[in-house]
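**Q** Okay, here's the prediction I keep looking at, along with the sequence it came from:
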Amino acid sequence: MDDVLDASHPGPADSTLKPDEVALMFSGGLDSTATALSLCKTHARVHLVTYRNGYGHPKLDRARARYEDLVRAQGPRFTFTLISTRPLFEELLVRSVADDYRTVRSGFVWCLGCKLAMHTRSAWFCLENGLPRMADGANGETDEMVEQSLLSLSLIRFFYEDLGIEYGAPIYDATRAQSRADLRRRGVRTGLTVLGRQLGVQPTCIAGELYYLPYLLLNKPVKHDEGKVAAFFEGKVPRARELVREGLASRGLDLDALLEARAAMAATG
């Protein structure tokens, strides 16, 4: 399964545990860029991972441009990898989207299914590359988005923990105004601010923008039933874990052996 579209990191994958490195789900937007800067204060290397789901996801070149901005601002502390999650997204959601929608009666299934595909690939990425931690740029000021709600973040954290990976959102409690000021102080572009959002610096998700359009235009949050969100997520997790196993196997790696080796390295390190 050759799904790596663009990578800046040197050499083949190495599953040896690297305690001073971290991976970050990276769009190049305000929050993930601020998170990247935060992580490089405490880690020797930050692996920026951007995803393409194959369904209305243009302007991906912006994420690489933001990576280049970070390298100019902080030096070679970062790697950048662009990966297709289309096969995972199709397996976890697209093929069953009609049934999933009938069950929950909400379009959140598309956004949460897409994000779960990204987290599935992120777990695979961490295990394949010996990374003990995965982060994303979730921020409390954008918790109207189902995939950034505290409930979703808690469920995602458990998913990673079961795979021996530490997960967190380092700037969740930071204000976005603080993040803008920090980026500008370091000479990193912040794009155009419109309705509290930054335009022109990250890829576009057409489906997500349409789903959250009432909030963006009318400040009318989309309501999500937490019970349905939890049930949807928990129903998908077993298959997501198996997809991690299958992805690693396609690289000649065994999930159980990796988890055992990582636990042993962590205990002695």
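**A** That came in fine, so what should we check first?
**Q** okay, now Thr175: neighbour count?
**A** 12 (other CB atoms under 10 Å). (Glycine included, C-beta is placed from N, CA and C.)
**Q** The lowest-mean-pLDDT helix or strand in the chain: what's the following helix or strand?
**A** Every helix and strand of the chain was ranked by mean pLDDT, DSSP states H and E. The lowest is strand 197-199, at a mean of 62. Following strand 197-199 in sequence order, the next helix or strand is helix 206-211 (DSSP states H and E).
**Q** distance between that next one and the chain's centre?
**A** 17 Å (CA atoms, centre = their mean, to the nearest Å).
**Q** Same question for stretch 211-231.
**A** A distance of 20 Å separates the centroid of the chain from that of stretch 211-231, by CA atoms, centre = their mean.
**Q** And the contacts of it?
**A** 103-104, 106-108, 110-112, 144-146, 149, 151-152, 155, 195, 197, 209 (CB atoms under 8 Å, 6 or more residues apart in numbering).
**Q** Report the buried members of those residues.
**A** Neighbour counting by 16 or more other CB atoms under 10 Å classes 104, 106-108, 110-112, 144-146, 149, 152, 155 among these as buried.
**Q** wait, which of those residues is closest to Ser179?
**A** Met145 (16.3 Å; CB to CB).
**Q** Confirm for me that that closest one is in contact with Cys111.
**A** Yes - judged on CB atoms under 8 Å, Met145 makes contact with Cys111 at a distance of 7.1 Å.
**Q** rewinding a little: can I get the buried ones among the contacts of stretch 211-231 in a markdown table with pLDDT?
**A** Putting these into a markdown table (pLDDT from 0 to 100) gives the following:
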| residue | pLDDT |
| --- | --- |
| Val104 | 93 |
| Ser106 | 91 |
| Gly107 | 89 |
| Phe108 | 91 |
| Trp110 | 93 |
| Cys111 | 92 |
| Leu112 | 94 |
| Glu144 | 81 |
| Met145 | 87 |
| Val146 | 88 |
| Ser149 | 92 |
| Ser152 | 94 |
| Leu155 | 96 |
